[in-house]
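# Give me coordinates for this.
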Amino acid sequence: MNSLKVAITQFELRAEHTLDAFLAHVESMVAEAAASGADVVVLPELASTGLLASFDDHTVTTATVADDYRHGLTGYTDGIVDGLVRLAREREIVVVGGSHNRTADDGSLRNTAYIVFPDGRVESQDKIHLTPPEHAMGTQGGDDLLVTTIGPFTVGLLICADIQFPELSRSLVERGVELIFCPSLTWNRRGVHRVRVGCQARAMESQAYVVMSPLIGHSGLPADGPMHTVGRALATGPVDRTFGRNDGILAEATSDEEEIVHVDLDRDLLLASRENPEVPGLKLRRLDLYPKLLVGREG
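Okay, the predicted model is just below:
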């Protein structure tokens with residue numbers, strides 16, 4: 001078949017007091033997705049943030065949280081990836097395992113997303129465009145874009161803010177990408193709007209599927225200013241006569257609670273859209289003109 005069944009989690013941020021508790025939470029979602037017949041399950045950005053509740057030697061506050069991200073949560077990442085590998089193998093499903101804090105080989109803090117395959121392969125993508133809070137805690141952005149294959153699709157992954165920068169998605173599409181996964185974490189309605197509109201715009205302008213999984217809820221931490229995460233899981237595609245969706249939305253969560261959104265993505269339909277585009281289809285671009293418009297910005 002030339003289609004892919006995707007389960008998009010709207011994953012609850014809750015107090016996770018142990019790594020095993022967090023992995024059990026993830027497993028409940030992966031198991032539900034696999035039981036539904038999904039080929040892929042998608043988790044959000046910084047899905048393991050609830051593990052801030054596991055630190056028993058101090059209270060996590062706004063004063064400690066940067067150090068807790070850098071020196072606390074990073075200690076769980078290898079175990080999380082091992083758990084994702086186990087789940088992908090046992091459930092025979094591709095797990096887009098959300099992103100997690102990790103310490104890179106150069107000692108820098110990275111926000112890294114993982115795609116785990118049933119055969120045990122693990123591929124990763126660092127977040128490239130960082131938020132001001134990430135810069136403030138010393139996180140370093142990535143420099144490369146992952147392109148991989150899942151089922152019939154050529155796939156890329158852009159973490160939250162990265163979907164708001166069209167240069168990245170256009171680069172992915174030039175490399176053959178047809179489906180972009182977007183793990184996301186937003187804590188105010190402006191952020192929700194930016195990510196949602198970014199997903200729709202990237203899908204429209206690149207005639208691609210974009211699937212976004214948000215973290216929702218709160219864990220009660222930091223104790224002096226709990227982070228409340230918000231958003232609605234969605235899948236979006238081109239806005240044209242081929243798809244027949246005036247806003248491009250193919251599937252969307254219906255509540256603010258933890259849930260899974262299911263969508264079947266048809267590659268043949270996407271290729272038909274690209275072959276007979278409406279504005280702003282890829283075939284209608286003025287590729288001869290764009291280099292001239294950029295003259296004067298060089299140097």
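# Neighbours of Glu275, how many?
12 (other C-beta atoms under 10 Å). In short, each C-beta sits where N, CA and C put it, glycine included.
# Next, the contact list for it, please.
Contact partners of Glu275, counting by C-beta atoms under 8 Å, 6 or more residues apart in numbering, are Lys283.
# Then Met1?
Pro152.
# Tell me how far it lies from Arg245.
22 Å (C-beta to C-beta, to the nearest Å).
# can you check Ala38 too?
Taking C-beta to C-beta, one finds Ala38 at 21 Å from Arg245.
# With Leu73 instead?
Taken as C-beta to C-beta, the span from Leu73 to Arg245 is 38 Å.
# quick one: which of the two has more around it?
The residue with more neighbours, out of Leu73 and Arg245, is Leu73; 23 against 13, by other C-beta under 10 Å.
# hang on, isn't the more buried one packed against Ser48?
Yes - using C-beta atoms under 8 Å, Leu73 makes contact with Ser48 at a distance of 6.3 Å.
# can you give me the helices in the stretch 51-200 of the chain?
For the stretch 51-200 of the chain, the helices defined by DSSP state H, counting those that start in this stretch occupy 65-67, 77-91, 132-136, 166-174, 189-206.
# and of those, who's closest to Leu215?
Of all the helices of the stretch 51-200 of the chain, helix 189-206 sits nearest to Leu215, with 11.4 Å by C-beta to C-beta.
# on that earlier part again, now render the helices of the stretch 51-200 of the chain as a markdown table, adding distance to Asp106 and mean pLDDT.
Output for the helices of the stretch 51-200 of the chain, formatted as a markdown table (distance: least, C-beta to C-beta, whole Å; pLDDT from 0 to 100):
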| stretch | distance to Asp106 | mean pLDDT |
| --- | --- | --- |
| helix 65-67 | 19 | 94 |
| helix 77-91 | 16 | 98 |
| helix 132-136 | 17 | 94 |
| helix 166-174 | 22 | 97 |
| helix 189-206 | 29 | 96 |
